[in-house]
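Enquirer: Sharing a model prediction with you, sequence too.
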Amino acid sequence: MKTPVLNEVHKRSGAKIAEFAGWMLPIDYGSAIKEINAVRTAVGLFDVSHMGRLFVKGPGALEALQKLLTNDLSKLVDGGGQYTLMCNPSGGVIDDLIIFRRGEDDFYVVVNASNLEKDKEWIIKHLPESVILTDKSPETALIAVQGPAAIDLLVKTGLTAASETKRFHMVTGQVAGRDVLATRTGYTGENGFEIACKNEDAEAIWTTLISEGEEFGVAPCGLAARDVLRTEACLPLYGHEIDDTITPVEAGLMRWVNLDKGEFIGREPIAKMLNEGLKRKLIGIIMEGRVPPRAEDKVVSSAGEGVVTSGTFSPTLGCGIAMAYLPAGVEEGQKVDVIIHGKPRPGTLKNVPLYSRKKK
């Protein structure tokens, strides 16, 4: 079982540690609800070093990645990034990832922890000999700084360019006097950055962010808070909302699929499904009351049955929430029953996202 370089720091801070994707990671630091509220109203820190950090470089890198990914890499400028999907020949999602252009034929790719080895094997299989993939995950750490005060905290601790960096862009600089690669991304539905650094610099960066963040209401946050936050914002989790049997069409992710850019793996079945229409689609559920649905709970609607992919109690919305796959004919506002512990519980369908910082 792997442990992050900050493992002892988390233990000293009172974190509850548990297994996730082959790693022993912080679940919470005493109260996931307090951590969720900190991210929504102030700023929270997450150790997300379990995520994969890959660098793909060499003549032909752009062309090779264009054939692997659904979004259009040719639109990126140096320092720009995009959310994208990597699909198999049947259109199912191998993984969702974020990719940044560092220069001509030079890319930085962040992938899911549980898919790291699978992704590496798939990418390398489709690269020409002129292109090299380097996995820097073992020698680096990744810290997410998320919330309304995230930029203020990063500027205070040395990353002055944070205030000028656009969403889905990257910048190099320093935090706590240590070199970092910072991307304006996150998995919480809030503003923020993900900070990659050398392992030996991670503790100094983390402790500085904690100490200097007191005036902003900073809180260390674990995986429990992260999962609730991403569910509120309806951000997909691999193995739940997406997997190798679910297409971007069904998952409502066609915004990040460019069918006009040319051929890429999975393009034909995706285009076919888009033209022929869906049998199921992903939609949100707002429950009546605090009872939280859970993954695999059955959902009964007037159009037929479906299944919850992710569910939880939302402190932000004050009720149980879920995402579910239901027959394509369902619409926002319709009533459903979610079968929780054998008992039907009423809810209302709502288009995703269930929470948006722009509307809060």
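Expert: In hand now; what should we look at?

Enquirer: thought Pro220 was touching Lys16?
Expert: No: the pair Pro220 and Lys16 fails to qualify as a contact (CB atoms under 8 Å) at a distance of 11.8 Å. No exception for glycine: its C-beta is placed from N, CA and C like everyone else's.

Enquirer: Longest helix of the chain, counting residues only.
Expert: Of all the segments of type helix in the chain, defined by DSSP state H, the longest one is helix 199-212.

Enquirer: Name the nearest residue to Thr348, ignoring sequence neighbours.
Expert: Taking CB to CB, 6 or more residues apart in numbering, and ignoring the residues beside it in sequence, Thr348 has Ile286 as its nearest neighbour in space, at 5.1 Å.

Enquirer: residue closest to the middle of the protein?
Expert: Relative to the mean C-alpha position of the chain, the nearest C-alpha, by CA atoms, centre = their mean, is the one of Tyr187, at 4.2 Å.

Enquirer: Quick check: chain neighbours aside, which residue is closest to that residue?
Expert: With CB to CB, 6+ apart as the measure, Arg230 is the residue that lies nearest to Tyr187, at 5.1 Å, once sequence neighbours are left out.

Enquirer: Which positions in the longest helix of the chain come out as buried?
Expert: Neighbour counts over helix 199-212 (16 or more other CB atoms under 10 Å) mark 201-203, 205-206, 208-210, 212 as buried.

Enquirer: what's the burial count for Val338?
Expert: Counted by other CB atoms under 10 Å, the residues lying close to Val338 total 26.

Enquirer: what about it, which SS state?
Expert: Reducing the assignment at Val338 to three states with DSSP: H, G, I helix; E, B strand; the rest coil gives strand.

Enquirer: For it, give me its contacts.
Expert: With CB atoms under 8 Å, 6 or more residues apart in numbering as the criterion, the residues that contact Val338 are 285, 287, 293, 297-300, 308, 311, 322, 324, 344-345, 347.

Enquirer: Quick one: those residues as CSV, columns for neighbour count, secondary structure and distance to Leu142 too.
Expert: CSV is the format used below for the contacts of Val338 (neighbours: other CB atoms under 10 Å; DSSP: H, G, I helix; E, B strand; the rest coil; distance: CB to CB, whole Å):
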residue, neighbour count, secondary structure, distance to Leu142
Ile285, 27, strand, 32
Met287, 23, strand, 33
Pro293, 26, coil, 30
Asp297, 20, coil, 32
Lys298, 16, strand, 37
Val299, 25, strand, 35
Val300, 15, strand, 41
Val308, 23, strand, 29
Gly311, 26, strand, 27
Ala322, 29, strand, 28
Ala324, 28, strand, 30
Pro344, 13, strand, 42
Arg345, 19, strand, 37
Gly347, 28, strand, 35
